[in-house]
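[1] Can you look at this prediction? I've put the sequence above it.
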Amino acid sequence: MLVEMKNAGVRRGGRWLVRGVDLAVRRGEIVTLVGPNGSGKSTTVKTAIGVLKPDEGTVVRARGLKVGYVPQKVSVDWTLPLTVGRLMQLTGPLRTDAMTEALEAVGIAHLVNMEVQALSGGEFQRALLARALARKPDLLVLDEPVQGVDFSGEIALYQLIRELRDRTGCGILLISHDLHVVMAQTDMVVCLNGHVCCRGTPESVVRSPEYTRLFGSRAGETLAIYRHHHDHTHLPDGRVRLADGTIAEDCGDGHNHHAGEAEKDLAAERHDA
Ligand SMILES: Nc1ncnc2c1ncn2[C@@H]1O[C@H](COP(=O)(O)OP(=O)(O)OP(=O)(O)O)[C@@H](O)[C@H]1O
């Protein structure tokens, strides 16, 4: 167990921001917090990693736990020139090999000397991810890692997050308020609304009445579509690794369904069924 919260609550200004949170992240596990704006997601992760203290309940972290945290808001002085390499070292010195390794892991090693301002939304999020990864955390905590990222970039980023988990074995606690894409990449979903409103596997959560009440009945419908994206991995040489580990020339249905084209995906889904 990397971190475990039991009945945790945080109170500020005479009001409970969250209450009754039970949550655990194990090594190699991806736990996603979903919930509307202001439902206490950031408060919960900050409490999990010790930035905030719970006013009731307990939070236990593994001894010597190393946390890599990407907050929702990053304070960068955009008026000053800042390269990706410098951004990586803002919070402390880093060996060049560790920096290169982390940038390679997120696919932006070639951008090390680029000005941060010139990065695309997706590249910036990858740079933040690399910064958190560089110190080889046991627990990676990502507060909305797809901000400023377009739809297909979002799919790619969540896929990358899962690959990082597979490769490093770290635990991941992530926040998302649009859960369509992330759902397929997570082991456990905890749905917050000031308290834990429901929890479980992505499939069970989207079917639960509490979730439907919070997000509307259409919210669950997309899960099947996105699941489809993740039954195979696109290799750099253009071939595809299928779910059973075999390598194929394409996804098996002749469709390129990685462009966020939902209709095509639905067709492919039916075709596979
Ligand atoms: N220090 C504080 N004092 C008082 N209220 C606070 C404090 N920090 C957060 N809040 C309030 O607590 C609630 C939960 O905030 P939190 O940032 O955890 O929500 P969130 O689910 O992460 O929201 P979002 O999706 O908008 O990022 C909000 O209503 C917020 O205004």
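    Perfect, I can see it now. Numbers count the residues shown, from 1 in each chain.
[2] quick one: the strands in this structure?
    3-12, 15-25, 30-34, 56-61, 67-70, 139-143, 171-175, 188-192, 196-200, 232-234, 240-242, 247-248 (DSSP state E).
[3] pull the CA atoms of stretch 26-43 into PDB?
    Extracted in PDB, the C-alpha atoms of stretch 26-43 (Å, rounded to 0.1, in the frame of the first residue of the first chain):
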ATOM      1  CA  ARG A  26      -1.200   0.300  -4.300                       C
ATOM      2  CA  ARG A  27       1.900  -0.100  -6.300                       C
ATOM      3  CA  GLY A  28       1.100  -0.600 -10.000                       C
ATOM      4  CA  GLU A  29      -2.400   0.600  -9.600                       C
ATOM      5  CA  ILE A  30      -4.100   3.600 -11.300                       C
ATOM      6  CA  VAL A  31      -6.800   5.200  -9.200                       C
ATOM      7  CA  THR A  32      -8.800   8.000 -10.800                       C
ATOM      8  CA  LEU A  33     -10.800  10.700  -8.900                       C
ATOM      9  CA  VAL A  34     -13.700  12.100 -10.900                       C
ATOM     10  CA  GLY A  35     -16.400  14.600  -9.800                       C
ATOM     11  CA  PRO A  36     -17.800  17.900 -10.700                       C
ATOM     12  CA  ASN A  37     -16.000  21.200 -10.200                       C
ATOM     13  CA  GLY A  38     -15.500  22.000  -6.500                       C
ATOM     14  CA  SER A  39     -16.300  18.400  -5.400                       C
ATOM     15  CA  GLY A  40     -13.000  18.100  -3.500                       C
ATOM     16  CA  LYS A  41     -10.800  16.300  -5.900                       C
ATOM     17  CA  SER A  42      -7.700  18.500  -5.500                       C
ATOM     18  CA  THR A  43      -8.300  18.700  -1.800                       C
END
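[4] ranking the strands of the chain by mean pLDDT, which is last?
    Mean pLDDT across the strands of the chain is lowest at strand 232-234; the value there is a mean of 62.
[5] Mean neighbour count and distance to residue 181 for the strands of the chain - can I get that in TSV?
    The way it works is simple: take the backbone N, C-alpha and C, and place the C-beta from them, glycine included. Below are the strands of the chain laid out as TSV (neighbours: other C-beta atoms under 10 Å; distance: least, C-beta to C-beta, whole Å):
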stretch	mean neighbour count	distance to residue 181
strand 3-12	18	24
strand 15-25	19	20
strand 30-34	25	11
strand 56-61	15	29
strand 67-70	21	17
strand 139-143	24	14
strand 171-175	25	12
strand 188-192	23	13
strand 196-200	19	18
strand 232-234	16	16
strand 240-242	14	19
strand 247-248	12	23
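[6] want to throw these into a markdown table with distance to residue 93?
    As requested, the strands of the chain are exported to a markdown table (distance: least, C-beta to C-beta, whole Å):
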| stretch | distance to residue 93 |
| --- | --- |
| strand 3-12 | 27 |
| strand 15-25 | 28 |
| strand 30-34 | 30 |
| strand 56-61 | 25 |
| strand 67-70 | 16 |
| strand 139-143 | 20 |
| strand 171-175 | 25 |
| strand 188-192 | 35 |
| strand 196-200 | 39 |
| strand 232-234 | 34 |
| strand 240-242 | 37 |
| strand 247-248 | 40 |
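[7] Quick test: name the residue nearest the centre of this protein.
    The centre of the chain sits closest to residue 174, judged by C-alpha atoms, centre = their mean, with a distance of 4.4 Å.
[8] so what's the nearest residue to it once chain neighbours are set aside up against?
    Spatial nearest neighbour of residue 174, chain neighbours left out: residue 142 (4.3 Å); criterion: C-beta to C-beta, 6 or more residues apart in numbering. Listed by C-beta atoms under 8 Å, 6 or more residues apart in numbering, the contact set of residue 142 reads 70, 129, 132, 161, 172, 173, 174, 175.
[9] tally of neighbours for the fourth one?
    Spelled out, it's residue 161. If you count neighbours by other C-beta atoms under 10 Å, residue 161 ends up with 22.
[10] What of the third one?
    Using other C-beta under 10 Å as the criterion, residue 132 is surrounded by 21 other residues.
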